[in-house]
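Visitor: just to be clear, the model below is a prediction. Sequence and coordinates:
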Amino acid sequence: MINNPFFKQKYLQILDFFKSSSYSQIIAEFNFIALILLAFVIPFNKLLITSAIALWVLTWLLEGNFVQRFKQSILSKRQWVIFLLFVGLYLIHVVGVFYSENKDIAYFDLEVKLSILVFPLVLFTIKGNYKKKLPLVFKSFVLGLAVSSFVCLFYALFQSLSYDGTQFIFDASLPDKPNKALIELVSSRQSKLSYGELSLWHHPSYFSMFLSVGMFICYTFYKRAKDNFTKILNIGYCILFGAMIYLLASRAGLIVLMFELLFIILLELKTDSLIKKLVLIVSVLLFGWFVFVNSQLQRTAVIVINKVSETFNPKKQEQLVADTSKQKTDARLLLWKYGFILAKENPLVGLGIGDAKEHLVETYKKYDYKEGYERRFNPHNQYLELVICGGLLMLSVLIFLFGYSYWYAIKNKKTIFFVFLSIVFINFMFEVMLNRMDGVIFITLFWLLLTLAYDTKKQLS
């Protein structure tokens, strides 16, 4: 293989790099490769993710010269603020340990959120030449998403096939579920091709969030591409990721998908070609309608309209008795309701990051919400979770981080960063994304990387 001209040239380039580079340059190169590897494995299992993080942090430590590297940081003052807000968010969680009675749970929570502290420190010292190569990290992430999506799809299809001795039979319905059309099974989460059955490594809401971010990154790459192959490839990625989000049937994922499609329409209205505008807008609207008729979203809309005024009516707080036979969307509103009641007990500093779950369970028991205390549900809302754990002080740090980041994205015309923030903001309303390691790692890493990366296509006004 070394005799092949292409491989021989690459071999000589690598050899020349090692001969002409210093120890620090070589380690920095391996550090960037580890970052690319980390982006690729994020859609896969936690063992791969933690191994990649260990390699990334290890190469950062091996480079040494920390004082000099911090002094030579290429971050602007505005980027400094965002990075320091992440450190501040972690430190306020540390404070929450001191007034928590259950120290073990509190320390475990700090361990889960450790990326919020470590990632800013590692990226703080990124070199200018690597900052320019950050699109390679995003491409690696997209490739990882595509590979993981195909693996999930093929596994689900394999599970749906059986052989009776004479022919193959395709049956994607779950055991003991009614025999319906495939689209109905998927939208009602009763198929091997949907929700938790499809997502092999992550909760469907988390995987949908990854796919949503990857989809808009691919759209941006498509807009910047100069050759047809790259354009077709990125269109294919967008279709694949959009289809996966639909199959996963996460309500938050479907709402985010509709937001993305509408945002893309607004961007495409700026194009000069009328035919291109019409084709894209009609395609997006058709796909948007296909998403909207999903039974999960329909049920969500109906229940929210009928229940939200009753659920959040203070006069009826003491009358509310949970019914475990209610639909899951109704259960989510109940969780918000009980979380809101609990948050009012100590709104300034919260109940402590180690004790919040136990207080929630006691609240569920008080209102006889059996499913809530048996399954130990969190409030399914990141903002509410922060108020319960650390009060309005902890929430204010996150809100300021969002507000400043939005301002920074708009001022610097960072379209991908703006959309990323919106995706995370919406998902935080439906899930406690910072209670799982995969959510913390993805959100922190991409928030910081998109702060550093710059958009050359200035579409956001």
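Guide: Good, I have the coordinates. Numbering: from 1, shown residues only.

Visitor: could I get the full set of strands for the chain?
Guide: Taking DSSP state E to define them, one finds strands in the chain at 161-163, 168-170.

Visitor: any chance of the ones you listed in CSV, with mean pLDDT too?
Guide: Formatted as CSV, these follow (pLDDT from 0 to 100):
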stretch, mean pLDDT
strand 161-163, 73
strand 168-170, 72
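
Visitor: out of those strands, nearest to Phe124?
Guide: strand 161-163 (50.2 Å; C-beta to C-beta). For every residue, glycine as well, the C-beta is placed using N, CA and C.

Visitor: got phi/psi on Glu101?
Guide: Here the main-chain torsion angles of Glu101 (degrees, to the nearest 10) amount to phi -80, psi -40.

Visitor: re the thing from before, may I see the strands of the chain organised as CSV, with mean neighbour count added?
Guide: Supplementary listing: the strands of the chain in CSV, determined by neighbours: other C-beta atoms under 10 Å:
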stretch, mean neighbour count
strand 161-163, 10
strand 168-170, 9
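
Visitor: mind putting those into CSV with distance to Ile49?
Guide: Listed next are the strands of the chain as CSV, based on distance: least, C-beta to C-beta, whole Å:
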stretch, distance to Ile49
strand 161-163, 31
strand 168-170, 33
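
Visitor: can you list the domains in the chain?
Guide: Under the assignment named as automatic domain parsing, the residue ranges that make up the domains of the chain are 15-72, 134-293.

Visitor: what would these look like in TSV with distance to Lys370?
Guide: As requested, the domains of the chain are arranged in TSV below (distance: least, C-beta to C-beta, whole Å):
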stretch	distance to Lys370
domain 15-72	31
domain 134-293	22
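
Visitor: among the ones you listed, which comes closest to Ile426?
Guide: With C-beta to C-beta as the criterion, Ile426 lies closest to domain 134-293 of these, at 5.3 Å.

Visitor: so for Tyr107, which of the domains of the chain sits nearest?
Guide: So among the domains of the chain, domain 15-72 is nearest, using C-beta to C-beta, at 17.7 Å.

Visitor: give the contact list for the nearest residue to Trp60 once chain neighbours are set aside.
Guide: Leaving aside its chain neighbours, Trp60 sits nearest to Val122 (4.9 Å; criterion: C-beta to C-beta, 6 or more residues apart in numbering). Val122 makes contact with 56-57, 60 under the criterion C-beta atoms under 8 Å, 6 or more residues apart in numbering.

Visitor: what's the answer for Tyr99, then?
Guide: Counting by C-beta under 8 Å, 6+ apart, Tyr99 touches 349, 352.

Visitor: just the pLDDT at it, thanks.
Guide: For Tyr99, the pLDDT comes out at 82.

Visitor: ok, so what distance separates it from Ile217?
Guide: According to C-beta to C-beta, to the nearest Å, Tyr99 stands 41 Å off from Ile217.

Visitor: which residues of this protein score low on pLDDT?
Guide: Counting by pLDDT under 70, the chain shows low-confidence ranges at 1-21, 23, 72, 74, 127-129, 171-173, 175-190, 271-330, 454-461.
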